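Give me the fold of what follows.
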Amino acid sequence: MPEPGGEDFVQLLDPAGNRVEHPDFHYDGSDAAIAASLRDMVLTRRFDSEATALQRKGELGLWPPSLGQEAAQIGSARAIGPNDEVVPSYREHGVALCMGVDLVALLGLFRGQAMVDYDARGKHFHPYSWVIGGHTLLSVGIAMGMQRDGMVGNDDPAANGAAIVYFGDGATSQGDVNESFVFASSFGAPVVFFCQNNQWAISEPIALQSRIPLYKRASGFGFPGIRVDGNDVLASEAVTRWALERARRGEGPALIEAYTYRMGAHTTSDDPTKYRRKDEVEYWAQRDPIERVKAYLLRQGAIDQAWLDDLAAQADALAEDIRARCVALPEPQLGELWERVYAETPHHLIAQRDEYLAYTVSFEEAAE
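The predicted model follows:
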């Protein structure tokens, strides 16, 4: 299971935590900035494990784990600017955390109780998308709107913005994604396509989906594609910053393939032991995105055990807050399902709602 290599593969921090030079991309941040990224990666992982536990306890209907993909998410989120629009799929928990989204509000979606405010705390973070690949069309439309509103190519960089859309390797097999590539290229839309290639589209390996590396597809549509080590937070940030900056300047779209690995299940309804080998998981465990950053910072003397202990305490506090506020969320009510679709619910849906509610009441009456 060799990793990609060569100049086409951008890596700035190897699995052992050593800095690596690349001819085109560099990370110019300080060790303090890297430590901040490590903090967010650790908190993201703790939030993810807590949400998984909450689902197992029946507090959430479903949960899609992000275990192993923290570097791709935190690194890319570090490059997002104040005018950028973020269009996630349904696994971008680290991006949400990095942008200041209330994580319990995020859990409300998986509890069937609420949606996430797309403009959370003034940050343009759109709701999670469940239609595989469909949100890439939305992102291109948003980017084209920004283009026509004069938010691209200004002399003042602070006046510019772009869109970034997240999706997985499985979504690249969807027609919507390829249509998005066509429109983005044709109109020079300021959008960054960020594909987290975690090797598995539920139970289907990437080898069955694409005979060539995913990033090479971009050339067929007329815009650049690049493959980055998605377990390297430094490389993920550097490449995303490059792609967003060129989009904001009006140079058009780019495709980033973040080569990473889904350490856990596709969702909590999935059992990955049924379709992938144990040695494969162990291979990728040795390339843990958190451990390599920790090794680098410890070697540099930028953090110590006391710093790590404090971070562990922060993670514990986050988990405690998540648990307490999640279970305090209102229980979803069946009748609300019909009230969250239209501003004014059509008569036929009102009739459908009443029929379903009457049906559920019949069970209560039978029990009596």
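
Low-confidence stretches in the stretch 251-368 of the chain?
The model of the stretch 251-368 of the chain has pLDDT under 70 over residues 365-368.

P65 contacts G264, doesn't it?
Yes: P65 is in contact with G264 according to Cβ atoms under 8 Å; the separation is 3.8 Å. No exception for glycine: its C-beta is placed from N, CA and C like everyone else's.

shared neighbours, those two?
Residues touching both P65 and G264 (Cβ atoms under 8 Å, 6 or more residues apart in numbering): T52.

do you know how far the residue nearest the centre of the chain is from H126?
Centroid-nearest residue in the chain, with Cα atoms, centre = their mean: E92, separated by 2.4 Å. Noted for E92: a distance of 10 Å to H126, by Cβ to Cβ, to the nearest Å.

Touching both of these two, which residues are there?
With Cβ under 8 Å, 6+ apart as the test, E92 and H126 both reach V86.

Show the subsequent helix or strand relative to the longest helix along the chain.
Looking across the chain with DSSP state H, the single longest helix is helix 31-56. Moving toward the C-terminus from helix 31-56, the next helix or strand (DSSP states H and E) is helix 70-78.

quick one: that following helix to helix 31-56, angle?
Orientation of helix 70-78 against helix 31-56 (axes from the mean of the first three to the mean of the last three Cα atoms, to 10 degrees) gives an angle of 120 degrees.

buried residues in stretch 107-116?
Within stretch 107-116, the residues that qualify as buried by neighbour count (16 or more other Cβ atoms under 10 Å) are 107-111, 113-114, 116.

Please apply the same query to stretch 69-80.
69-80.

still on that earlier bit, tell me which entries of the buried residues of stretch 107-116 lie within strands.
Residues of the buried residues of stretch 107-116 located in strands (DSSP state E): none.

Closest one of those residues to F25?
V116 (31.8 Å; Cβ to Cβ).

ranges for the strands of the chain?
Applying DSSP E to the chain gives strands spanning 9-10, 85-87, 163-168, 191-197, 200-201, 204-205, 225-229, 254-259.

and the longest helix of the chain, what's its mean pLDDT?
The pLDDT scores in helix 31-56 average 98.

for it, packing partners?
If you count contacts as 3 or more Cβ pairs under 8 Å, 6 or more residues apart in numbering; DSSP states H and E, helix 31-56 packs onto helix 70-78, helix 93-98, helix 103-110, helix 233-248, helix 289-300, helix 305-327.
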